[in-house]
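>>> Sequence first, then the predicted structure, then my questions.
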Amino acid sequence: MTTSIQNNAMPRRFAAVILVAVFATATFQANAQPIVLSIDRPFANAVTISWPTNGATSSILEFSSNLLNWQPDATPVTVVNGSYAATESISAGNKVFRVRCLSGCGSAYSINVVGYFNLQVPANRTVLFANPLDTTNNSIAAVLADVPANTILYRYCGGCSPANSGSWKAASYSADDDDDQILSWGQAGSETLPLGEGAIIRNTTASPFFIAFIGEVPQGTRTNLLAAGYSLKASVFPQGASLPLLAFPAEDGDIVTQLSGTSFLQFFYDGFGGIWDPSDPVVNAGEAFWLLTPSSKPWIRTFTVN
């Protein structure tokens with residue numbers, strides 16, 4: 001199934017529109033380089049979005065909270081070391097960015113979309129989650145670098161070798177040495193959190209905390225392999241929607257279990273009627289769910305933003 005996100009017009013919320021330069025009509029050059037965005041985290045509570053000046057001579061930085069509706073971002077754009085750059089504080093919720101080109105580039109929009117997604121982990125609670133954004137380093141140590149001491153991560157190894165199939169893999173973010181008290185994930189820190197794979201995180205403290213996932217929105221055609229039996233799964237793409245809208249390959253006998261607060265919600269697929277009972281499961285971006293399925297199968301989707 002191919003899903004294309006359309007750009008819906010939104011009322012302008014900001015009086016100031018951030019322009020590198022303003023032109024009435026967009027013009028593109030056949031030999032111009034496409035705009036490629038980068039995102040970095042210079043401080044714990046801020047991100048910097050940048051793109052080369054040799055690409056866009058006239059462009060607008062836009063943002064969205066849902067990959068559907070876009071509007072100009074109010075963050076000032078500066079030139080730093082040959083690149084346009086905008087640094088802003090990380091706020092609650094999700095925020096992704098693209099650049100709309102008006103002149104001097106080879107396409108109407110940046111070829112990629114970057115941003116951040118926030119996951120709240122309540123006090124003394126457990127959350128099923130998945131890494132929603134792609135980075136050059138999807139290791140546990142890199143993706144889960146800012147969690148409190150004694151946070152516990154569980155991964156279900158349903159797709160492991162037969163000897164380990166159905167086992168749990170646990171890791172704790174704790175001091176690796178009593179002398180230096182440096183917090184780390186230990187040997188598990190070098191393992192990855194692949195897109196589409198679910199995990200469980202446990203907050204052992206009396207205060208809630210947020211995890212800010214920072215990176216690039218995956219696009220194109222992706223395949224998420226679903227193993228027979230139990231597994232923890234999520235959409236490869238950071239979209240919140242019902243499983244039918246996410247092109248989930250349901251078959252008779254599939255059972256999906258979600259964690260809602262401290263309660264579990266279960267959904268059963270009737271292959272003869274072609275419906276979920278009691279209703280279609282709806283998952284949020286970055287939310288994982290338990291899947292029990294009779295047979296192995298691929299979950300294939302094609303997704304583009306622009």
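That came in fine, so what should we check first?

>>> What distance do you get for the residue most central in space within the chain to V217?
The chain has P132 as the residue nearest its centroid, 2.0 Å off, counting by Cα atoms, centre = their mean. According to Cβ to Cβ, to the nearest Å, P132 stands 8 Å off from V217. (C-beta placed from N, C-alpha, C; glycine too.)

>>> The stretch 101-250 of the chain: helices as residue ranges?
140-143 (DSSP state H, counting those that start in this stretch).

>>> ok, which stretches of it are strands?
With DSSP state E, counting those that start in this stretch as the criterion, the stretch 101-250 of the chain has strands at 114-121, 126-130, 151-157, 167-175, 183-184, 198-202, 209-216, 220-226, 229-233, 241-242.

>>> I figured the residue nearest to the centre of the chain hits A212, correct?
No: checked against Cβ atoms under 8 Å, the pair P132 and A212 is beyond contact range at 11.0 Å.

>>> Can you check which residues contact both of these two?
By Cβ atoms under 8 Å, 6 or more residues apart in numbering, P132 and A212 have these common neighbours: F117.

>>> Give me the pLDDT value at S161.
S161 carries a pLDDT value of 47.

>>> Hmm, I typed the wrong one, I wanted K95.
96.

>>> Which residues are in contact with it?
Contacts for K95 (Cβ under 8 Å, 6+ apart) come out as F63, S64, S65, G115, Y116.

>>> what about the third one, neighbour count?
Neighbouring residues of S65 were enumerated by other Cβ atoms under 10 Å; the total is 15.

>>> Ignoring the adjacent residues along the chain, who's closest to it?
Nearest residue to S65, sequence neighbours excluded (Cβ to Cβ, 6 or more residues apart in numbering): N94, at 5.5 Å.

>>> tell me the pLDDT at A175?
82.

>>> For it, give its distance to D146.
If you go by Cβ to Cβ, the gap between A175 and D146 works out to 16 Å.

>>> just L119 next, same as before
11 Å.

>>> what about those two, which has more around it?
L119 (21 against 13).

>>> excluding its backbone neighbours, what's nearest that one?
I211 (4.5 Å).
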